[in-house]
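Enquirer: build me a model from this:
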Amino acid sequence: MSGGSYQDVFSDRGGSVVKNGLCVICKGSRKLCGKDRCPLMIKFYSRSKTMPLVDMKDLAGSSPPAVFVGRYGYPKVDVGPLLPGEFGDTSIMDKPERWIGKSIDDIVDMRYRLVRGKYTIDATDFRKSGKIVSDIQEIALTEKPVDVEAQFRERPHGRIVLDDDIQPFGPAARLEGFRKGNGKWERNLEKNYYDTDLNATKAVVEAYNNGTLISEIQKAFSVGTMGVDKRRRFVPTRWSITAVDDIIGKDYLKRTRYYPTIDEYRVYYWEQLDNRWAILMMPTTWRFELIEAWYPGTSWNPVRWTPDGENIAIISDCEFFNSRTEYAHIGGCYYASRMAVNELLEREHRTAGAVICREAHEGYVMPVGVWNVRENVRMALRTEPLRFGNMEQALSFIESKMDLKRDVWIKNSGVLTDWFTQRRIEDFFGPSASNLSDDPEDMPERKGGEEE
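Expert: Predicted structure coming up:
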């Protein structure tokens, strides 16, 4: 991990200190500060609605469709449908691909209306749980909203779930049972369900290549509907989101890392939810980095502004040609953004070095899920980039759009530091040299008239 200021910056009511850098790495889920509950999440919960959504034990509505698989106690986990107390076209409630342009309040209010039903199963031996599990699987495979009636043991209660990896959702209650209507399954997911000899990795890639939305694939992956029959498992929603992004990204890299390099420097710039994105593409072999700068007052940086600006928390993860072997500190956002970059490279049949600079400003007050990174990087890469002849021009443009200076980005970047300190073949023969073959006839002419 690079960068970040690790001074003591935050204390909860108990007086124990939470460190700035730890918050950015932990993001409320790993308990790196040693606390039973994340003090930042307590703050967010106090801002959100906490009253029960319904005052009765029965709830009926149109599930978007949506399901959730918990992770605590794995393999004994809670699973169940997400449903609102309303009927009709609720599909947007679980389609993050359609959330670009919506405010944080819009997203949280929409997702809070989804009540989670909970039923405990063994994720590694889910078939013994019977019809309730098969019904949950069918909801995850259904293409359009499906009517669901749920009976709970108690009134739905609890705070809205806020997490940097998963989309928010509202109160929960333990299920006594539920009934669902009939719906048409998404065709690619249906094929994967019945193909019990196809491994899960190939199933994910085939569905994606045939046009199934990533959010739909993630749901199907999480409820054990992909893979060789005897190896199928329920997968916690948090894990399935990152797994699908990683699988698709790695499949792209089998090809994109070997394509010819781009022949220019590009910068794609994008703003959304008070996040600024500057994506630098360099004419070099594959390398990738995500750098996040969290400003005071944002989700994972609770400190106050200081005149010297030292309280900006910065974290980064990177890889070079052979990719990384350890899980990224940044978590699912790393794999989501890497997948999005490779979508672009595959479209162009080119490779490049990519550095994503993200500034999260104080308007980003609540985490809304890893989709925020995936979909905004995708949107940025669909815009027309600014094109430059050298790195100096590209970095000058980034500096003009972002608050942080170029020296800060370089200091916290493994890829940029390597760029400025390591000699490359381009330094000797020009940007096109990395595309040359080993054939002597393809080598540039020698100058000076010297003989071999």
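
Enquirer: next secondary structure after the top helix by length along the chain?
Expert: When the chain is parsed with DSSP state H, its longest helix is helix 237-256. Next along the chain after helix 237-256, taking DSSP states H and E as the criterion, comes strand 265-272.

Enquirer: partner strands of that next one and their direction?
Expert: According to DSSP bridges, strand 265-272 forms sheet pairs with strand 275-282 (antiparallel), strand 386-388 (antiparallel).

Enquirer: so which bits of that strand are buried?
Expert: By 16 or more other Cβ atoms under 10 Å, the buried positions in strand 265-272 come out as 265-270, 272. All C-beta atoms are positioned from the backbone trio N, CA, C, and that covers glycine.

Enquirer: CA atoms only: put that strand into CSV for me.
Expert: Output in CSV follows, covering the C-alpha atoms of strand 265-272 (Å, rounded to 0.1, in the frame of the first residue of the first chain):
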residue,chain,number,x,y,z
TYR,A,265,-1.2,9.5,-23.8
ARG,A,266,-4.9,9.9,-23.0
VAL,A,267,-6.8,11.3,-20.0
TYR,A,268,-10.5,10.5,-19.5
TYR,A,269,-12.1,12.8,-16.9
TRP,A,270,-15.5,12.3,-15.2
GLU,A,271,-17.4,13.6,-12.1
GLN,A,272,-20.2,12.0,-10.2
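
Enquirer: could you tell me how far it lies from the centre of the chain?
Expert: Strand 265-272 has its average C-alpha position 18 Å from the chain's average C-alpha position, going by Cα atoms, centre = their mean, to the nearest Å.

Enquirer: skipping its backbone neighbours, what lies nearest the residue sitting nearest the centre point of the chain in space?
Expert: With distances taken as Cα atoms, centre = their mean, residue 370 lies nearest the centre of the chain, 3.2 Å away. Counting by Cβ to Cβ, 6 or more residues apart in numbering, residue 370 lies nearest to residue 332, which is 4.1 Å off, once chain neighbours are set aside.

Enquirer: wait, what's in contact with that neighbour?
Expert: Residue 332 is in contact with 164-165, 238, 241-242, 245, 370, 373, counting by Cβ atoms under 8 Å, 6 or more residues apart in numbering.

Enquirer: now the helices for the stretch 1-150 of the chain?
Expert: With helices called from DSSP state H, counting those that start in this stretch, the stretch 1-150 of the chain shows them at 20-26, 39-47, 104-112, 131-141.

Enquirer: between these, which gets the lowest average pLDDT?
Expert: Set side by side, these show their lowest mean pLDDT on helix 39-47, which sits at a mean of 53.

Enquirer: just to revisit the earlier point, nearest to residue 177, of the contacts of residue 332?
Expert: Set against residue 177, the nearest of those by Cβ to Cβ is residue 238 (26.2 Å).
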